[in-house]
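Asker: Output the structure for:
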Amino acid sequence: MIRTFCINDIDYINDLTGDEESKYLSQIAILPKFQGRNVGSAITDFTCSFVKGLNQTLYLDCWAGNEKLKEFYLRNGLEYIGDFPEEDYFISVFKYSCISSSK
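Answerer: So this is what the prediction gives:
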């Protein structure tokens with residue numbers, strides 16, 4: 001296995017209230033020798049397609065100081081929501097909304 005990730009149901013992330021039905025992408029890990037080979041993009045593409053099929057919203061976060069990862073999320077179509085306190089540091093929250101207005 002070269003990668004792993006989790007998709008969980010959530011109602012909120014930190015102090016940010018999510019949409020009625022939301023998913024949270026977490027625990028993304030890619031073996032170092034496979035990093036830089038678009039595996040991360042494949043994970044975000046798959047996850048966005050998955051939540052789009054469910055007509056839901058996807059949230060994910062990272063440490064606010066990880067500029068490289070934040071740029072990656074933006075390049076892959078995720079919307080930056082903001083930075084939020086988490087214990088003794090800040091997290092940056094991103095979202096991909098797949099909810100249609102006809103719901």
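Asker: Who does residue 97 form a beta bridge with?
Answerer: Per DSSP bridges, the residues bridged to residue 97 are residue 57.
Asker: neighbours around it, how many?
Answerer: The local packing of residue 97 (other C-beta atoms under 10 Å) involves 16 other residues. C-beta: built from backbone N, CA, C; applies to glycine.
Asker: Report pLDDT for it.
Answerer: At residue 97, the predicted lDDT confidence score is 74.
Asker: Tell me where the model's unsure across this protein.
Answerer: Applying pLDDT under 70 to the chain flags the ranges 12-20, 98-103.
Asker: which residue is nearest the middle of it?
Answerer: Taking C-alpha atoms, centre = their mean, the centroid of the chain lies closest to residue 60, which sits 2.7 Å from it.
Asker: buried sites along the lengthiest helix in the chain?
Answerer: Counting by DSSP state H, the longest helix found in the chain is helix 39-53. If you call a residue buried by 16 or more other C-beta atoms under 10 Å, then helix 39-53 has these buried ones: 40, 43, 44, 47, 48, 51, 52.
Asker: quick one on the thing from earlier: helix or strand for the residue nearest to the centre of the chain, which one?
Answerer: For residue 60, the host element (DSSP states H and E) is strand 57-63.
Asker: circling back to that earlier point, and the longest helix of the chain, what does it pack against?
Answerer: strand 3-13, strand 16-30, strand 57-63, strand 89-97 (3 or more C-beta pairs under 8 Å, 6 or more residues apart in numbering; DSSP states H and E).
Asker: what does it rub up against?
Answerer: 2-3, 5, 7, 23, 25, 28, 30, 57-58, 72-73, 76-78, 96, 98 (C-beta atoms under 8 Å, 6 or more residues apart in numbering).
Asker: Also stretch 73-85?
Answerer: Counting by C-beta under 8 Å, 6+ apart, 14-16, 40-41, 44-45, 48, 58-60, 62, 64, 70, 90-97 sit against stretch 73-85.
Asker: The same query, at a cut-off of 6 Å, please.
Answerer: Stretch 73-85 is contacted from outside by 14, 15, 41, 44, 64, 90, 91, 92, 93, 94, 95, 96, using C-beta atoms under 6 Å, 6 or more residues apart in numbering.
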